[in-house]
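S.K.: After the sequence you'll find the predicted model.
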Amino acid sequence: MSGDLVVADYRAGNLHSVEMALHHLGAQFRFSSKAEEVAAADRLIVPGVGEARAAMQELSASGLDRAINRVWRAGRPLLGICLGCQIIFDRSEERSTPCLSFLEGAVARFPAKGGLKVPHMGWNRVFQTRSHPLFDGISDGAFFYFVHSYYPIPADPQAVIGECEYGLRFAAAVARDNLAACQFHPEKSAESGLRLLGNFLAWKP
C-alpha cells in the first residue's frame, strides 16, 4: 500500500472493529470527519452501520458527500462497507432516502417471509460471480459476517462480484472501476475478511 489511507468518520457506527483490523494488517491510516482531508485521501474506506437517512443527512451537512464523490471521480480506490455499500446507490427504501448515485440501483428491505429473521445477522457464505482483486486468495463460498436489514439491487448485473443467499439471492459485493463495496463486514470476518481488506490496501484499479 502507498499513499494516504483515510477512513471516513460520519457518525455512522462504531469504528473500533475497522481500527483493530487495519492495525492487525499493519496499515498506516487515520480517521477523519473533515471534508478536505477525506477529499485528499489517496485511498478511502467508507464504513457504517445504522440508518441510511441519518447517514446521508450527516454526509450532506458535513460536506463529506462531496468529498467522497471527489475521491470516486478522481479514480482513487474507494471501499464501502455495510451501510457504506448501500449509500453508493441511487436510493434506499429506508425512509425513501436519496443516496450518492455512484452506481445505478436501489436498496430494498428484506421481505419478512419463510420464518427468516430480519435483520440478517451472522455468518453466511459469499459466492463470487466474477473474478476481482478484492477476492484474491479467498475461497469461493467463504463465510463473512453480516448485520443488515436492507440489501443492494444494482441496475447493472456486471457490477456484482459476490452474492449471498438469505431468503433470496442478493448482491453481497459490488465493484466498478476504482469503486468496490461489500454488504458484509470484512473487519469482523476473521481471516477471509482480513484478506479482503489487505487486498483492498494493495489494489491498483
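M.R.: Okay, I see it. Numbering: from 1, shown residues only.

S.K.: Go through this protein and flag its longest helix.
M.R.: helix 190-202 (DSSP state H).

S.K.: what's it packed up against?
M.R.: helix 16-24, strand 43-46, strand 142-148 (3 or more C-beta pairs under 8 Å, 6 or more residues apart in numbering; DSSP states H and E). C-betas here are computed from N, CA, C, even on glycine.

S.K.: Output these in TSV; the columns should cover distance to residue 156.
M.R.: Formatted as TSV, the helices and strands packed on helix 190-202 follow (distance: least, C-beta to C-beta, whole Å):
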stretch	distance to residue 156
helix 16-24	28
strand 43-46	20
strand 142-148	21
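
S.K.: Tell me which of the ones you listed sits most buried.
M.R.: strand 43-46 (a mean of 26; mean count of other C-beta atoms under 10 Å).

S.K.: Now the longest helix of the chain: buried residues?
M.R.: Judged by neighbour count using 16 or more other C-beta atoms under 10 Å, the buried positions of helix 190-202 are 192, 193, 194, 195, 196, 197, 198, 199, 200, 201.

S.K.: And for stretch 160-179?
M.R.: Quick answer for stretch 160-179 (16+ other C-beta under 10 Å): 160-162, 164, 166-167, 170-176, 178-179.

S.K.: is it true that residue 4 touches residue 38?
M.R.: No: assessed by C-beta atoms under 8 Å, residue 4 is found out of contact with residue 38, at 10.4 Å.

S.K.: higher neighbour count, these two?
M.R.: Legend: neighbour count by other C-beta atoms under 10 Å for residue 4 and residue 38, higher for residue 38 (25 against 15).

S.K.: can you tell me the helix or strand for the nearest residue to the more buried one once chain neighbours are set aside?
M.R.: Once flanking residues are discounted, residue 38 sits nearest to residue 67: 4.0 Å by C-beta to C-beta, 6 or more residues apart in numbering. According to DSSP states H and E, residue 67 maps onto helix 64-73.

S.K.: which secondary structure elements does that helix contact?
M.R.: For helix 64-73, the packing partners by 3+ C-beta pairs under 8 Å, 6+ apart come out as strand 5-8, helix 35-39, strand 43-46, helix 52-62, strand 78-81.

S.K.: what bits of this structure have low per-residue confidence?
M.R.: 1-3 (pLDDT under 70).

S.K.: residues touching residue 84, list them.
M.R.: For residue 84, the contact set (C-beta atoms under 8 Å, 6 or more residues apart in numbering) comprises 8, 12, 45, 46, 47, 48, 181.

S.K.: Widest-spaced pair of these?
M.R.: 12 and 181 (14.2 Å; C-beta to C-beta).

S.K.: still on that earlier bit, would you mind telling me which of the helices and strands packed on helix 190-202 is nearest residue 128?
M.R.: strand 142-148 (8.7 Å).

S.K.: what packs against the closest one?
M.R.: strand 120-128, helix 190-202.

S.K.: hmm, try it at 10 Å
M.R.: Here strand 142-148 touches helix 83-86, strand 120-128, strand 160-165, strand 169-176, helix 190-202, going by 3 or more C-beta pairs under 10 Å, 6 or more residues apart in numbering; DSSP states H and E.
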